[in-house]
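Enquirer: No sequence on hand, only this structure:
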């Protein structure tokens, strides 16, 4: 049995949305964006190696324990730092490790792809109508994703439905904290200047929904095609919906 909530009676000042598996298909992220970043990482590092931005990313990447683990795993030492970092980036992408400097680098690589027209951000059709409906009702829409703020903006600016940035009032990434820690959601509510109980968080990950709920937010799980299946326990613990169409009636408190 799924938890039921009277969706027509829902009130919120802010709808906080996850991206992957919520507004956007998981397959777009894993089958399009990640391979694109991996394919173009070495070339991007080569072209921008002398820039302060890339230097900072390289310095930050080398601070992680995973970097030492990667170096130790190599069959032969790699003396050239640029090739070493490019290989480490591939390693992190393969493991889907959500390290902040990696997300920053991926965002910069994707920016080139979006600007050239090679990439178009996927959003589900029901998301566009929901965004328009919520904005007309005076409800703010914010984004919280493990992808960098820059990468988030690119998906919505260069989406298959056109530029959707006009609907979004705030963006948050792992700089605010990890998505399965309740403190992150407390910080977001403070940043938005709203009480947590006036924020509705939409995600496909039960651990994230639980963290948001622990911070006092309303939470709903999305069951999109390709998302990880939910256990019976998870379905009984949260409201579960298949798309945003049932959320059009949200009102301000």
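Expert: Received the coordinates, thanks. From a predicted model like this one, the values you see are computed outputs, not experimental measurements. Numbering: from 1, shown residues only.

Enquirer: hey, where'd the strands end up in the protein?
Expert: For the chain, strands defined by DSSP state E occupy the ranges 14-17, 140-144, 170-172, 199-203, 218-222, 239-241.

Enquirer: what does the average pLDDT come to for the last one?
Expert: Read it as strand 239-241. Here strand 239-241 scores 96 as its mean pLDDT.

Enquirer: before we move on, the earlier item: dump the strands of the chain into TSV; add mean neighbour count and distance to residue 59 as well.
Expert: Backbone N, C-alpha and C define where each C-beta goes, glycine included. Output for the strands of the chain, formatted as TSV (neighbours: other C-beta atoms under 10 Å; distance: least, C-beta to C-beta, whole Å):
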stretch	mean neighbour count	distance to residue 59
strand 14-17	24	32
strand 140-144	21	26
strand 170-172	18	24
strand 199-203	25	32
strand 218-222	23	37
strand 239-241	18	43
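
Enquirer: Quick one: the helices in this protein, in order.
Expert: 26-28, 34-48, 52-61, 65-73, 81-95, 100-116, 125-136, 149-157, 182-192, 206-214, 232-237 (DSSP state H).

Enquirer: can you redo those as TSV with distance to residue 13 and mean neighbour count?
Expert: What follows is the helices of the chain, written out as TSV (distance: least, C-beta to C-beta, whole Å; neighbours: other C-beta atoms under 10 Å):
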stretch	distance to residue 13	mean neighbour count
helix 26-28	29	17
helix 34-48	34	16
helix 52-61	35	15
helix 65-73	39	13
helix 81-95	37	17
helix 100-116	28	20
helix 125-136	11	17
helix 149-157	21	22
helix 182-192	8	18
helix 206-214	15	21
helix 232-237	24	14
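
Enquirer: what about the stretch 151-253 of the chain, any weak spots by pLDDT?
Expert: Across the stretch 151-253 of the chain, nothing is flagged by pLDDT under 70.

Enquirer: How far does stretch 188-203 sit from its chain's centre?
Expert: Taking C-alpha atoms, centre = their mean, to the nearest Å, one finds stretch 188-203 lying 16 Å from the centre of the chain it belongs to.
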